[in-house]
Structure formats: structure tokens, C-alpha cells
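> have a look at this prediction, sequence included:
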Amino acid sequence: MSVGTNPQNADADARVRVRAELAVHGVRTPAPLRRPDGAGPSDDGHFVLGGPGGGAGAALPVNPASPYDVRDGRVWRGGQDTGLTLTPVRRPRFYDLATADGVPYEHIARLHGDGVLATTVVQTCVRYAEADRCRFCTVEESLRAGATVAAKTPAQLAEVAEAAVRLDGVRQMVMTTGTTSGPDRGARALARSTAAVLAAVPGLPVQVQCEPPAGLGWIGALRAAGATAIGIHVEALDDAVRRRWMPGKSTVPLAAYEAAWDEAVRVFGRNRVSTYLLVGLGEDPDELIAGAGRLVDRGVYPFVVPFRPMRGTLAARDGVPAPDPELLRYVTEAVAAKLRAAGMSGADQRAGCAACGACGVLRAAGG
């Protein structure tokens, strides 16, 4: 692995380096909008990070030990102004509402960044027993904390989506799910929910996320329900890493992921399919980059993000640290180069984690 800087791209490289450090170390500043638990990768505050070339959403740890702080809306490291601005995303107005039976809208779906509505349709997972649980996941912790409900109905999701679009200008929606016991692995609930949301808010781009269903026909059903994009998240491509970090999920072989990705590309189209790749699980970085290149060749967007030891995860309990920001930069820049060469951009997915980009650094690196 080489982590040197190309002198011809020194300014861009410096921006990516700062963005990688922010992604791992976070900032010393309050965040009105946070997401402390759930199925995603990070306990972050939501901001808009601006600088040369415009602004973009950024999900950053709120960390009192970070070397970065914010003064008058600008990001500083010690005595140096980084040239970046940071604006907290305000608490959305739809959070003030509740359903007729008293369920707060915030317990049904949450705002991510400045324009993404996200929900975990089924907040339980058949793999959540400690022996099977993904070591980076806290999908059931928000349920245990009373911050959500176990299963959101299609009608509830449609009601909240309509309010979020009308009151807060939400531009896309992400629906994920804990893995269910049936062969659809949660796709059935996602399809019903997508159809209901789009009946209430026609034209809203929606990404759905689930494990590879046992029957690949479910991928077509999700597209038929109106989903714009799909995430089928593998998190690591090395089987030894998968067994160590995802003992339950790793029982689904990589061949099943490959079949699901190929079917999803056939149904949704090239660059409308994505998968998470977590940097910092111990996978060889050059092998991870090569694997990301094979995904790009398949038409699948490899959304590279740093592992972060979220509160409540098995990894945090065991003291596993976040990756070195320089490692994140190295992997991100190499994967971004492959995406650019293939003409693939996260923003072109229109909905989902890759389209948002806030949890990673790929957008800053041109991916």
C-alpha cells in the first residue's frame, strides 16, 4: 500500500485527507440532528460541509476529543483554517408530529443529512443474538431504548413521508430492514412499504436495502413496487473477515451476493445497485480495492465508508478502534478513480446511501 500524495493533485488530495480525518475523528461541535443507534454505520451528527466546489451532506461523529472544531461556521484544526464550512442540519418540523394513535413520526422515520428520509422497516433481526450479530451493528438498540417501533406499517411510512416532503423538503428516501426469517429476508415488507409511500408521494426516489433474498424474484418485485435503487450490503469481500465480523450473515455465501447483484443490475440498471464496503475490519486494503473494481465492472457501486465503533456494538465493547484516516483516504481515492473511469457517480443513483454520500468520503474524492 502506498499512501503518498501526487503533487499534481495536491490540493484535491489535501481536501480528501481532511475529509477522511473528519469522517473518522469527527468534530467538536454540537449537532441538533443526530442518529445514535440503528442499522447504519455511525453514531453521527448531520451537517452540510462546504468548500471549493460547493457543499454536501456529511455525517460526522460529534467527538469532544477531535482535533477539529468549528468557529463561526468554519472548520479549524488547531490554529489552521481548513477552508471548509460546516452547517448543522436543523431538526425537521415533521418530528413535531405524531400519528393518530400517538406514535411520534420520529419513531417511524428519521431525517438523515439535509434531504434524506430513512427508516428501518423491521427493527429486529434474526441474526441479532450475540453469536450471530454483526459486530458493527446496533439495529435493535434503538428499539430497546424506546426510540422506534419494531415494525412500521406501510400506512405509517406513507404518512410520515408525505409530511417530510411537504414540511422539510425531503428529496429521497431509504428503507432498510433487519433480516427476517422468511426466504424474502425482509423484501416483502420493503415492497409493500415502497408502494404505499409512492402512492402518497408520487415520484419520490426510494432506495431499498436487504440481504440477498433466497428467491431472486423478490428483486423484481421491489423494482415493480417503484424502488429507484437497491442496496445489497456485503460490508467485506474477504471470507475470513466476514466470518469474524459477521458470523451470522457470513453464512450467506459470496456467490449468493454475486447472483443478487447481477440480478439487481439486470432489473434496476447499471449504477442503481450499491453495496457497503467497510474500511477498518482488517481486510487487506489492496485486495479490498481490487474487489471494489470487480464490483464496478458488474455495475455495482461500492460505497466505501469507515468502520466506526458505535456505542452498543460488540466491536465497541471489545475496544476495536476506528481505522487510520490515511487508510481510509488511500482506499477511497483508489475506489473513486475506478468509479470515475467507469463513469459511475453516487449521485446518479438518485436515492440511497451512495446518492447521499454523507457517511463516506467518496464524493469528496470524485466518486
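Yep, that arrived.

> quick one: contacts for residue 363?
56, 346, 347, 357 (C-beta atoms under 8 Å, 6 or more residues apart in numbering). Using the backbone N, CA and C atoms, a C-beta is placed for each residue, glycine as well.

> kindly apply the preceding question to residue 91 instead.
Taking C-beta under 8 Å, 6+ apart, one finds 32, 33 in contact with residue 91.

> pLDDT value on it, please?
Predicted confidence (pLDDT) for residue 91: 95.

> now residue 312
As summarised for this prediction, residue 312 has a pLDDT of 89.

> likewise the one 5 residues further on?
Reading off the confidence values, residue 317 has pLDDT 95.

> give me the neighbour count for it.
Taking other C-beta atoms under 10 Å as the neighbour definition, residue 317 ends up with a count of 12.

> what of residue 167?
Neighbours around residue 167, by other C-beta under 10 Å: 15.

> test my guess that it contacts residue 93.
Yes - checked against C-beta atoms under 8 Å, the pair residue 167 and residue 93 is within contact range at 4.3 Å.

> now, which of the contacts of residue 363 sits nearest residue 135?
Distance to residue 135 across those (C-beta to C-beta) is lowest for residue 357, with 24.3 Å.

> excluding its backbone neighbours, what's nearest the closest one?
Nearest residue to residue 357, sequence neighbours excluded (C-beta to C-beta, 6 or more residues apart in numbering): residue 363, at 4.0 Å.

> go on, residue 269?
Of all residues not flanking residue 269 in the chain, residue 299 sits nearest, at 7.7 Å (C-beta to C-beta, 6+ apart).

> what sits against the one you found?
In this structure, residue 299 makes contact with 265, 269, 270, 271, 273, judged by C-beta under 8 Å, 6+ apart.

> wait, a helix at residue 143?
Yes - using DSSP: H, G, I helix; E, B strand; the rest coil, the assignment for residue 143 is a helix.

> for the spatially closest residue to it that is not a sequence neighbour, give me its contacts.
Of all residues not flanking residue 143 in the chain, residue 123 sits nearest, at 4.6 Å (C-beta to C-beta, 6+ apart). Taking C-beta under 8 Å, 6+ apart as the definition of contact, the neighbours of residue 123 are 139, 140, 142, 143, 148, 149, 150, 151, 178.

> how about the second one, nearest residue that isn't a chain neighbour?
Closest residue to residue 140 apart from its sequence neighbours, by C-beta to C-beta, 6+ apart: residue 128 at 5.2 Å.

> pLDDT at that neighbour, what is it?
As summarised for this prediction, residue 128 has a pLDDT of 96.

> what about it, which SS state?
Residue 128 is classified as coil under three-state DSSP.

> and residue 69, by the same measure?
Residue 69, by the three-state scheme (three-state DSSP), is strand.

> neighbours of it, how many?
For residue 69, the count of nearby residues is 15 (other C-beta under 10 Å).

> touching, it and residue 30? I think so.
No - under the contact definition of C-beta under 8 Å, residue 69 does not touch residue 30, with a separation of 11.2 Å.
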